[in-house]
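Engineer: Sequence and predicted structure below; questions after.
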Amino acid sequence: MNIPGHTGTGWCIFVYNLSPDSDESVLWQLFGPFGAVNNVKVIRDFNTNKCKGFGFVTMTNYDEAAMAIASLNGYRLGDRVLQVSFKTSKTHKS
């Protein structure tokens, strides 16, 4: 069964529209109050080491992850509005 966002270690959340200077500490601070966070990852440009505008957060509990998504989707962080959802696997178009 393919459940969006579920990984072997928890529930993976996609966070989009981060600023170029965002780092992992921002994600820990945003998601930590909602429950146990296993891992955070900001995707960076190889050459500049700046955030490419998105990242991932893995939380252990589905209900806590769902509450974080409901609370943080549309949240204004600085001058940006975050888009937050369960990570979905990419499907290849034929």
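Structural biologist: Thanks, I have the structure now.

Engineer: quick one: the helices in this structure?
Structural biologist: Per DSSP state H, the chain carries helices over the ranges 24-31, 62-72.

Engineer: distance between the first one and the chain's centre?
Structural biologist: Once both centres are worked out by Cα atoms, centre = their mean, to the nearest Å, helix 24-31 turns out to sit 9 Å from its chain's centre.

Engineer: From the contact counts, what lies against it?
Structural biologist: Applying 3 or more Cβ pairs under 8 Å, 6 or more residues apart in numbering; DSSP states H and E, we find helix 24-31 packed against strand 10-16, strand 37-44, strand 51-59, helix 62-72. (C-beta placed from N, C-alpha, C; glycine too.)

Engineer: E24 is nearest to which of these?
Structural biologist: Across the helices and strands packed on helix 24-31, E24 has its closest neighbour in strand 37-44 (4.8 Å, Cβ to Cβ).

Engineer: For the closest one, which strands pair with it and how are they oriented?
Structural biologist: Strands flanking strand 37-44 in the sheet, each with its direction: strand 51-59 (antiparallel) (DSSP bridges).

Engineer: Dump the helices of the chain to a markdown table, plus distance to V81 and mean neighbour count.
Structural biologist: As requested, the helices of the chain are arranged in a markdown table below (distance: least, Cβ to Cβ, whole Å; neighbours: other Cβ atoms under 10 Å):
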| stretch | distance to V81 | mean neighbour count |
| --- | --- | --- |
| helix 24-31 | 13 | 16 |
| helix 62-72 | 10 | 17 |
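
Engineer: F56: which of the ones you listed is closest?
Structural biologist: Go through those one by one with Cβ to Cβ and the one that ends up closest to F56 is helix 24-31, at 8.4 Å.

Engineer: and the closest one with strand 37-44, angle?
Structural biologist: What separates the directions of helix 24-31 and strand 37-44 is an angle of 130 degrees, with axes from the mean of the first three to the mean of the last three Cα atoms, to 10 degrees.
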